[in-house]
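> Predicted coordinates and the sequence they were generated for:
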There are 2 protein chains.
Amino acid sequence: MTPGAQHPDDTAAQPLRSDAERNRGRIIAAARKVFARDGLNASMASVAREAVVGIATIFRHFPAKEDLVAAVFADRMDAYADAVAVALDDPDPWHGFVGYIEAACAMQAADYGFADVLTTTFPTAKALETRRNEAYEGMVRLIGRAKESGRLREDFDPSDLVLLHMANAGVVNATGEAAPDAWRRVVALFVQSFEAPARGPLPASPEHEALYKAMLRAAPTSPAAPAPDRTS
Amino acid sequence: MTPGAQHPDDTAAQPLRSDAERNRGRIIAAARKVFARDGLNASMASVAREAVVGIATIFRHFPAKEDLVAAVFADRMDAYADAVAVALDDPDPWHGFVGYIEAACAMQAADYGFADVLTTTFPTAKALETRRNEAYEGMVRLIGRAKESGRLREDFDPSDLVLLHMANAGVVNATGEAAPDAWRRVVALFVQSFEAPARGPLPASPEHEALYKAMLRAAPTSPAAPAPDRTS
DNA sequence: TAGCAATCGGAATGCCCTATCCATTTCCCG
DNA sequence: CGGGAAATGGATAGGGCATTCCGATTGCTA
């Protein structure tokens, strides 16, 4: 989203011809719209239709669907990371923490594609993963502050935010347009359960490693994935 | 699951030939296994392979995939409904309520196919829907008792259980084998947020009608569904 | 045990998807 | 302007899926 505009592989590749540059923009805009509406499962054909462009044109600009996804969600990932920064700036740690959760979950609800991106890992899309990790580090600090302030339960684990996203994805995904605000209630319940003092002990958090592996599962169209994938 | 054994259309249709009867059993057993492992997205071909049976044989016994699903999950749905009954028998309403939640969510975690079934509606499969509604009525009573006992927050709504299932489906679905117990922590958090006294108000519950519509969305292979479906 | 209807299984159909090919069109520099 | 490189888009390959067709097989009865 920075004005200068750079393609992932900005590295001195020749400048695009004017029409190519224009089409690239069209495609990203179209994909942004289509993915937001239909999730990452939206077909390349539907993106092409929306962009009023041939399918081949998309694949020339983005060798694989995953590359398009990475390009489309780069800025949304930035916004996601920014939300953490904003939360860290909040003088009230708990308020910042809660605000962050609501903002992040709202992003999931507002963009089905992004919801998919957040609970999936694209080993190939480095920029996306870098951002995610940045955001994660910020979250860890956010959590630390909130705990220190005494408002966040002591046994809260950073991985709980990942679980929260997975749960929220489930709700957003299942309710869709039919009940577009249902997620708010779920998130509110979660937040209340996060608040100190804890009402009881919790089962152990999953291993970080395990959660990471979980996010690899179900990556869209990974050629190397015999993926038993489930749950349309 | 009654011993007598009846096919959905038990109505005096001629008895099956011995081999047909045997194959029918094989198919259901195979489907049970495959759906549990891979979710409802498992292909009919994979079920046929597991059953060591031709694909056509499956379709002769079950005209459409949905019929197979209904046959396979009939007993699981019974167990689901039974869990409510058991919970209602618990002398401690809150204990029963929590026990029910844990049992139901455990069922989701133990059978990916069932997790899909629970958050999806098959207008065609009447038996399944009847059971679901039975269970729902029981849940409403369970909730009433728990509220009366003072342990369940007053603003808890039956639809919250549906949302809980959707959220749990999201977790179970995303974590899969990688973190098979992650859902326990999530459910524990939910339960703590359900406990009275409430720590704060909640956004309104979605309309029941809306939730029902939501469950119609994404039904697998519904011919009448232009389903934009998302999130494999 | 012969014969026929019931049943089978795998090939075939039709649809959707990602990704590639290639003849045609468009841009841009001289 | 003209010509070649860059870029395009529709057709096509190749794979997965649910469902159907049909020739071959099997259980059952007489």
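That came through fine. Values in this document were obtained by computation on a predicted structure and should not be read as measured data.
> how about the residues of chain A that lie near DNA strand D?
Chain A comes close to DNA strand D at residues A:14, A:16-17, A:19-20, A:23, A:52-57, A:60-61, as judged by CB under 7 Å from any atom of the strand. Heads up, the C-betas are built off the backbone N, CA and C, glycines and all.
> Drop anything exposed from those.
A:23, A:53, A:57, A:61 (16 or more other CB atoms under 10 Å in any protein chain shown).
> and the two most separated of the residues of chain A next to DNA strand D?
Across the residues of chain A next to DNA strand D, no pair lies farther apart than A:Gln14 and A:Val52, at 25.3 Å, counting by CB to CB.
> Find the nearest non-adjacent residue to the spatially most central residue of chain A, please.
The geometric centre of chain A, computed from its C-alpha atoms, lies nearest to A:Leu118 (CA atoms, centre = their mean), at 2.9 Å. Excluding the flanking residues, the one nearest A:Leu118 by CB to CB, 6 or more residues apart in numbering or on different chains is A:His165, at 5.2 Å.
> so that neighbour is in which element?
helix A:158-175 (DSSP states H and E).
> angle of that helix against helix B:158-175?
Relative orientation of helix A:158-175 versus helix B:158-175 (axes from the mean of the first three to the mean of the last three CA atoms, to 10 degrees): 120 degrees.
> quick one: whichever helix or strand comes after helix A:158-175 to chain centroid distance?
Next in sequence after helix A:158-175, counting helices and strands by DSSP H and E, comes helix A:182-194. Mean C-alpha position of helix A:182-194 versus that of the full chain (CA atoms, centre = their mean, to the nearest Å) differs by 19 Å.
> Could you do stretch A:197-213 as well?
21 Å.
> what does it contact?
With CB atoms under 8 Å, 6 or more residues apart in numbering or on different chains as the test, stretch A:197-213 has contacts from A:121, A:153-155, A:157, A:159-160, A:162-163, A:193, A:214, B:175, B:178-179, B:181-182, B:184-185, B:188-189, B:192, B:195.
> Mind listing what's buried along it?
Within stretch A:197-213, the residues that count as buried by 16+ other CB under 10 Å are A:198-199, A:202, A:205-206, A:210-211, A:213.
> so can I have a markdown table of those showing secondary structure and pLDDT?
As requested, the buried residues of stretch A:197-213 are exported to a markdown table (DSSP: H, G, I helix; E, B strand; the rest coil; pLDDT from 0 to 100):
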| residue | secondary structure | pLDDT |
| --- | --- | --- |
| A:Ala198 | coil | 98 |
| A:Arg199 | coil | 97 |
| A:Leu202 | coil | 98 |
| A:Ser205 | coil | 97 |
| A:Pro206 | coil | 96 |
| A:Ala210 | helix | 90 |
| A:Leu211 | helix | 87 |
| A:Lys213 | helix | 80 |
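> Show me the two of these that sit farthest apart.
The most widely separated members of the buried residues of stretch A:197-213 are A:Arg199 and A:Lys213, with 30.7 Å between them, by CB to CB.
> Show me how the record splits chain A into domains.
A:18-63, A:72-216 (automatic domain parsing).
> From start to finish, how long is the last one in a straight line?
Read that as domain A:72-216. One end of domain A:72-216 to the other measures 19 Å (CA to CA, to the nearest Å).
> what about the helix or strand hosting A:Ala74, near DNA strand C?
Take DSSP H and E as the rule and A:Ala74 turns out to sit in helix A:65-89. Yes. Using CB under 7 Å from any atom of the strand, helix A:65-89 comes into contact with DNA strand C via A:65-66.
> how far off helix A:158-175 does the helix or strand that that helix is followed by point, in degrees?
Downstream of helix A:65-89, the next assigned helix or strand under DSSP H and E is helix A:93-110. Here helix A:93-110 points in a direction 30 degrees away from that of helix A:158-175 (the same axes, to 10 degrees).
> Identify each buried residue in helix A:93-110, please.
A:93-94, A:96-105, A:107-109.
> just for chain A, where's the confidence low?
Counting by pLDDT under 70, the ranges of chain A that qualify are A:1-13, A:123, A:217-232.
> Any residues of it in contact with DNA strand C? List them.
So chain A meets DNA strand C at A:17-19, A:41-46, A:55-56, A:59, A:63-66, A:221, A:223 (CB under 7 Å from any atom of the strand).
> to the chain's geometric centre, what's the distance from the helix or strand hosting A:Ala214?
Using DSSP H and E, A:Ala214 sits in helix A:208-216. On the basis of CA atoms, centre = their mean, helix A:208-216 sits 15 Å off its chain's mean C-alpha point.
> What residues sit buried inside stretch A:170-183?
Buried, per 16+ other CB under 10 Å, within stretch A:170-183: A:170-176, A:178-179, A:182-183.
> brain fart, stretch A:137-148
A:138-139, A:142-143, A:145-147.
> Check those and tell me the two furthest apart.
So, these by CB to CB: farthest apart are A:Gly138 and A:Lys147, at 15.0 Å.
> Ignoring the adjacent residues along the chain, who's closest to the residue in chain A positioned nearest to chain B?
Closest approach between chain A and chain B, counting by CB to the nearest CB: A:Gly170, at 1.8 Å. Residue nearest to A:Gly170 in three dimensions, not counting chain neighbours: B:Gly170, with 1.8 Å by CB to CB, 6+ apart.
> Touching, the one you found and A:Val171? I think so.
Yes. B:Gly170 lies in contact with A:Val171 (CB atoms under 8 Å); the separation is 6.6 Å.
> sorry, back to before: greatest separation within the buried residues of stretch A:170-183: which pair is it?
A:Gly170 and A:Ala178 (14.4 Å).
> quick one on the thing from earlier: just the buried ones out of the contacts of stretch A:197-213, please.
A:121, A:153, A:157, A:159-160, A:162-163, A:193, A:214, B:175, B:178-179, B:182, B:184-185, B:188-189, B:192, B:195.
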